[in-house]
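Enquirer: Coordinates for the following, if possible.
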Amino acid sequence: MFMSIISKKEGYAYLLKNYPQCVRWLDSELFVVYDYHTNKWIAVAGVGSVFVLFFYSLYAAFLGSHTMFLLQKLRSHMSAATYRKHRSALISLSMQVNRWQTVVDKEVKYR
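Expert: Modelled structure (predicted):
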């Protein structure tokens, strides 16, 4: 974000003071510390992205449950093998969609 990145030394001091368990993250070249007091749009973008992900997750859950409901309703019109294939594909798709949430939760909880 514009005008909000701080130096490695300042980032180290900030993390050491506020989040000592996260200091080792600075070893990564991809980890950067931003000061949201300098640029308020960082906080706005972060909160906004969390809300967007939350609502997309709710919408995906609704679509998945509605599709499963339709699959159950149309079960009598298809063969058992076709139903199993469709159900398996739907379960696989739901696991792919929810995979990122599992990875993010695991990384946050166990670090």
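
Enquirer: Relative to the whole chain's centre, how far out is the longest helix seen in the chain?
Expert: As assigned by DSSP state H, the longest helix anywhere in the chain is helix 41-73. Helix 41-73 sits 11 Å away from the centroid of its parent chain (Cα atoms, centre = their mean, to the nearest Å).

Enquirer: buried residues in that helix?
Expert: Neighbour counts over helix 41-73 (16 or more other Cβ atoms under 10 Å) mark 42, 64 as buried. All C-beta atoms are positioned from the backbone trio N, CA, C, and that covers glycine.

Enquirer: do the same with stretch 81-99
Expert: Using 16+ other Cβ under 10 Å as the test for burial, stretch 81-99 gives 83, 86, 94.

Enquirer: can you tell me how far the second one sits from residue 47?
Expert: Residue 86 sits 38 Å away from residue 47, going by Cβ to Cβ, to the nearest Å.

Enquirer: quick one on the thing from earlier: ok, the buried residues of stretch 81-99 vs residue 18, which is closest?
Expert: Of all these, residue 18 sits closest to residue 94, with 37.3 Å by Cβ to Cβ.

Enquirer: Let me have the buried residues of stretch 81-99 in a markdown table, extended by pLDDT and distance to residue 25.
Expert: Output for these, formatted as a markdown table (pLDDT from 0 to 100; distance: Cβ to Cβ, whole Å):
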| residue | pLDDT | distance to residue 25 |
| --- | --- | --- |
| 83 | 91 | 47 |
| 86 | 90 | 43 |
| 94 | 79 | 31 |
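
Enquirer: From residue 63, how far off is residue 73?
Expert: Taken as Cβ to Cβ, the span from residue 73 to residue 63 is 15 Å.

Enquirer: What residues of the helix or strand hosting residue 9 count as buried?
Expert: If you go by DSSP states H and E, residue 9 is part of helix 8-18. Neighbour-count burial for helix 8-18 flags 11, 15 (criterion: 16+ other Cβ under 10 Å).

Enquirer: so who does residue 25 touch?
Expert: By Cβ atoms under 8 Å, 6 or more residues apart in numbering, the contact list for residue 25 reads 15, 31.

Enquirer: All further residue positions should be reported with the first residue as 9.
Expert: Right, with 9 as the first residue, what we last looked at is residue 33.

Enquirer: Lovely, talk soon.
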